[in-house]
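In: Give me coordinates for this.
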Amino acid sequence: MRAFGLGGLINLVSLLGFLVNSATACQPSLPLPYRVLHRFPDPTYLQSLYVRSNGDILVTTAWPNGTIYYVAGPTTKSPKVSLVHTFDPEIVNVATSIIETQPDVYAFYAGKQVHLGIGINGTFGVWELDLRPTRRRYNPGKAIVRELVHIPNGGLLSGLEPIPDRPSTLLVADSTVGVIWHVDTITRKYKLGIEDPALRGPAWAPTQFGVNGIQYHKGYLYWTNSFEATVYRLRMTRQGYAAPGAKGELVKEIRSFFIDNFTFGPRNSDTLWIATNADNRLITLSPGGNVTAVLGEPDELTMSGVVQPAFGKLRGDTNTLYAVTSGGFNFPINGTVTEGGKIVAVDTTDYC
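Out: Residues are numbered from 1 along each chain as shown. So this is what the prediction gives:
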């Protein structure tokens with residue numbers, strides 16, 4: 001065996017020190033710091049949010065009615081919340097996921113439910129919010145809201161994602177039917193896009209609810225299966241179909257009763273930030289498969305019924321994770337405690 005000289009020993013000690021420091025260098029202080037931007041009356045179930053390129057935020061609600069709000073200046077000390085549109089409850093009583101399809105034009109879901117999370121099949125469709133009439137001076141009263149594509153074969157619609165090479169065509173996650181529809185917002189037609197067993201909810205679930213949030217990321221479509229508390233992915237073509245021979249792959253099973261929407265970030269990095277809703281926690285899933293609770297506890301109101309996260313887009317704000325909550329409406333804290341849904345800004349700067 002070759003003996004180490006003094007120089008070799010010094011190099012070995014240096015190497016060991018480097019390895020130890022590398023392993024312990026990233027020790028984020030948890031829970032992450034946060035601030036509440038706005039709290040709505042109780043009960044208000046905030047369902048979805050979208051961060052605009054100008055930094056402002058659009059928010060949809062699922063209870064007590066279907067409504068869209070506009071949050072101006074979320075980076076300021078006093079954000080302004082304005083009502084954009086409230087639906088006639090005889091036509092629509094829930095508005096879900098919202099995304100941008102072209103500058104200042106947004107697609108979202110709307111339909112009817114008999115109770116929160118139990119949609120009436122055949123009532124949902126893809127709707128459009130057009131803010132172009134408000135470009136010069138924002139005025140919520142001038143926004144145009146219309147239904148684009150009705151989906152009579154569908155159930156409760158949840159996740160929404162544009163196809164990379166064709167942003168006018170949307171992937172529409174159907175939680176009840178357990179499929180993903182293709183919706184062409186130009187021709188205003190829809191068709192079945194993806195079928196996979198991992199999209200369907202488990203037979204033992206209290207409601208028929210499977211796929212929830214969806215997002216393209218580096219050639220794959222990722223999604224959450226809510227009552228399974230699982231994350232899946234499927235290799236995709238850029239035209240929005242499963243790649244030849246591809247099947248849903250289990251990414252991670254989370255130790256949680258329920259998981260909701262998610263996002264990648266910051267700046268589209270590989271870490272998933274997942275809203276657990278039922279147990280009031282914001283968690284991360286690292287590329288290596290590690291799960292970390294970064295904010296909230298099951299018996300706290302901090303992130304009561306957190307539903308969806310999304311990162312800021314303005315320079316200097318890309319480490320801010322905005323999240324909307326339900327106030328624990330469906331899953332009260334300790335069985336009895338709820339609050340109005342709120343918009344929370346989480347500082348992820350020191351998270352690694």
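In: Residue 347: how many residues sit nearby?
Out: Each residue near residue 347 was counted by other Cβ atoms under 10 Å, and the total is 14. For the C-beta atoms, the positions are set from N, CA and C on the backbone; glycine is no exception.
In: Would you confirm that it contacts residue 30?
Out: No: shown here, residue 347 and residue 30 do not form a contact pair, counting by Cβ atoms under 8 Å, at 12.0 Å.
In: Between the two ends of stretch 106-118, how far is it?
Out: 25 Å (Cα to Cα, to the nearest Å).
In: Show me how far it is from its chain's centre.
Out: Between the mean C-alpha location of stretch 106-118 and the chain-wide mean there is a distance of 16 Å, by Cα atoms, centre = their mean, to the nearest Å.
In: Let me see the mean pLDDT of that stretch.
Out: Here the mean pLDDT over stretch 106-118 is 93, rounded to a whole number.
In: How about that stretch, which residues are buried there?
Out: For stretch 106-118, a neighbour-count test (16 or more other Cβ atoms under 10 Å) marks 106-113, 116-117 as buried.
In: Which parts of the stretch 201-350 of the chain are strands?
Out: 211-217, 220-225, 230-235, 249-253, 262-264, 272-275, 282-285, 291-295, 306-311, 320-325, 342-347 (DSSP state E, counting those that start in this stretch).
In: mind putting those in a markdown table, distance to residue 334 and mean pLDDT included?
Out: Conversion of these to a markdown table gives the following (distance: least, Cβ to Cβ, whole Å; pLDDT from 0 to 100):
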| stretch | distance to residue 334 | mean pLDDT |
| --- | --- | --- |
| strand 211-217 | 25 | 97 |
| strand 220-225 | 25 | 98 |
| strand 230-235 | 26 | 98 |
| strand 249-253 | 26 | 98 |
| strand 262-264 | 26 | 98 |
| strand 272-275 | 20 | 98 |
| strand 282-285 | 19 | 98 |
| strand 291-295 | 18 | 97 |
| strand 306-311 | 17 | 98 |
| strand 320-325 | 16 | 98 |
| strand 342-347 | 18 | 98 |
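In: Distance to residue 183 for those - can I get that in TSV?
Out: TSV is the format used below for the strands of the stretch 201-350 of the chain (distance: least, Cβ to Cβ, whole Å):
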stretch	distance to residue 183
strand 211-217	13
strand 220-225	15
strand 230-235	18
strand 249-253	25
strand 262-264	21
strand 272-275	24
strand 282-285	28
strand 291-295	33
strand 306-311	20
strand 320-325	24
strand 342-347	28
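In: number of nearby residues for residue 238?
Out: The local packing of residue 238 (other Cβ under 10 Å) involves 12 other residues.
In: Same check on residue 330?
Out: 18.
In: Residue 104 now?
Out: Burial of residue 104 is recorded as 17 neighbouring residues (other Cβ under 10 Å).
In: Also residue 319?
Out: 16.
In: Next: the one 10 residues further on.
Out: Counted with other Cβ under 10 Å, residues neighbouring residue 329 total 25.
In: Surely it is in contact with residue 307?
Out: No: between residue 329 and residue 307 there is no contact, the gap being 9.9 Å when judged by Cβ under 8 Å.
In: The strands of the stretch 201-350 of the chain: which one's closest to residue 42?
Out: The closest approach between residue 42 and any of the strands of the stretch 201-350 of the chain, judged by Cβ to Cβ, belongs to strand 342-347 at 10.2 Å.
In: if we look at the closest one, which residues are touching it?
Out: With Cβ atoms under 8 Å, 6 or more residues apart in numbering as the test, strand 342-347 has contacts from 32-40, 46, 49, 57, 59, 71, 74, 79, 282, 294-295, 303-304, 306, 309, 319-325, 327.
In: Same check on stretch 211-224?
Out: Under the criterion Cβ under 8 Å, 6+ apart, residues 97, 158-161, 163-164, 171, 173-175, 178, 180, 194, 198-200, 225-226, 230-236, 251, 259-264, 268, 270, 272, 274, 308 lie in contact with stretch 211-224.
In: Strand partners (parallel or antiparallel) of the strand or helix carrying residue 192?
Out: Under DSSP states H and E, the secondary-structure element containing residue 192 is strand 189-195. In the sheet, strand 189-195 lines up against strand 179-184 (antiparallel) (DSSP bridges).
In: Report the angle between the partner strand and strand 220-225.
Out: Taking axes from the mean of the first three to the mean of the last three Cα atoms, to 10 degrees, one finds strand 179-184 and strand 220-225 inclined to each other by 130 degrees.
In: send the alpha carbons of strand 179-184 over as CSV?
Out: In CSV, the C-alpha atoms belonging to strand 179-184 read as follows (Å, rounded to 0.1, in the frame of the first residue of the first chain):
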residue,chain,number,x,y,z
VAL,A,179,-58.0,12.7,-19.6
ILE,A,180,-56.4,15.7,-21.2
TRP,A,181,-58.3,17.5,-24.0
HIS,A,182,-56.8,19.5,-26.9
VAL,A,183,-58.6,22.8,-27.3
ASP,A,184,-57.9,25.0,-30.4
